[in-house]
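1. Turn this into a model:
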Amino acid sequence: MAPPIRLFLADVDGTLVTNDKVLTDRAIAAVAKLKEAGILFAITSGRPPRGMSMLIEPLQLTTPIAAFNGGVFARPDMSVIEQQVIPDDVTPAVIELLGTHALDVWVYRGADWFVRNPKAPHVAREAWTVEFEPTVIDSFASVSGGVAKVVGVSDDHDTVQKGVDAVREHLGDHVSAARSQPYYGDVTNPNANKGGVVKYLSQAYEIPAEQIATIGDQPNDVLMFAHSGLSIAMGNASHEVQEAARRVTTSNENEGFANAVDRFILG
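-> Numbering: from 1, shown residues only. All right, here's what the predicted structure looks like:
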């Protein structure tokens, strides 16, 4: 028999919340049931820490929040436990590579989000999602040190993938690059990925990987699948992401998270 699950790690967008960023009553109830069963619950996302703060109270979170795909670990009070930034001498090259692939570029540093064009695709939507506005600047030169994440944005999904591939090809082990949404290409410190989040939580709570379950919907979730004993893909995930998981639940528009808890974790 498989060992019992002691910790459940969930992605946020496309997984824990609906497409309209709603945390449903069933999702909240599912997390409460995990707590009653003695199972720890944690979240990870490409969002900044502040962009997940609205989830803390309804879910009664006590575990570290893994923001920027593991680039920053914060306590529920938003104090930083530790962070891993992109090397300062690499950040300008990341920005240039994404820009040459016709991607709009965003930079995250500390608690701040910087953009050059506030009217570019997805800026307004992201501000609504994370519940704070970006800082508009003319150049990233003054904010290229201590950067936690650089994002390449486009509604041309193939272009986003080409930008991610170019960053991997040219910068190799200096960064971690993956799509967090079809229209977002996230670049972080090489150790800041969701596989690293599983390792961090495993060590922090002394829980072996085989007793950790993970759930997600995007290519950047596949690394945490690989490092956990039970991996669950959302029904809205691509075929490739579903193939990388051991189980598949329903979509985020059809209570996929709550259904996964009931069927695969508690059932």
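
2. Ala177 belongs to a strand?
-> Yes - the assignment for Ala177 by DSSP: H, G, I helix; E, B strand; the rest coil puts it in a strand.

3. Now it. Nearest residue, chain neighbours left out?
-> Val167 (4.3 Å; C-beta to C-beta, 6 or more residues apart in numbering). C-betas here are computed from N, CA, C, even on glycine.

4. do Ile5 as well
-> Nearest to Ile5 is Ala213, by C-beta to C-beta, 6+ apart, at 4.7 Å.

5. Next, the contact list for the one you found, please.
-> Counting by C-beta atoms under 8 Å, 6 or more residues apart in numbering, Ala213 makes contact with 5, 7-9, 228-232, 264-265.

6. Which parts of the chain belong to which domain?
-> Taking automatic domain parsing as the reference, the chain has its domains at 7-81+192-265, 91-188.

7. Just name the most buried of those domains.
-> When the domains of the chain are scored by mean count of other C-beta atoms under 10 Å, the highest mean neighbour count falls to domain 7-81+192-265 (a mean of 20).

8. Could you give the separation of it from the chain centroid?
-> 9 Å (C-alpha atoms, centre = their mean, to the nearest Å).

9. need the contact list for the residue nearest to Val107 when sequence neighbours are not counted.
-> Spatial nearest neighbour of Val107, excluding adjacent residues (C-beta to C-beta, 6+ apart): Phe114 at 4.4 Å. For Phe114, the contact set (C-beta under 8 Å, 6+ apart) comprises 106-108, 134-137, 140, 143.

10. Run through the stretch 101-250 of the chain and note the low-pLDDT ranges.
-> Within the stretch 101-250 of the chain, no stretch has pLDDT under 70.

11. ok, 90 please
-> Of all residues in the stretch 101-250 of the chain, those with pLDDT under 90 make up the ranges 110-111, 172, 180, 191.

12. need the strands for it, in chain order.
-> Taking DSSP state E, counting those that start in this stretch as the criterion, the stretch 101-250 of the chain contains strands spanning 104-109, 112-115, 135-136, 149-153, 176-181, 184-188, 212-216, 230-233, 247-248.

13. partners of the fourth one in the sheet?
-> Sheet neighbours of strand 149-153, with direction, are listed as strand 104-109 (antiparallel), strand 184-188 (antiparallel) (DSSP bridges).
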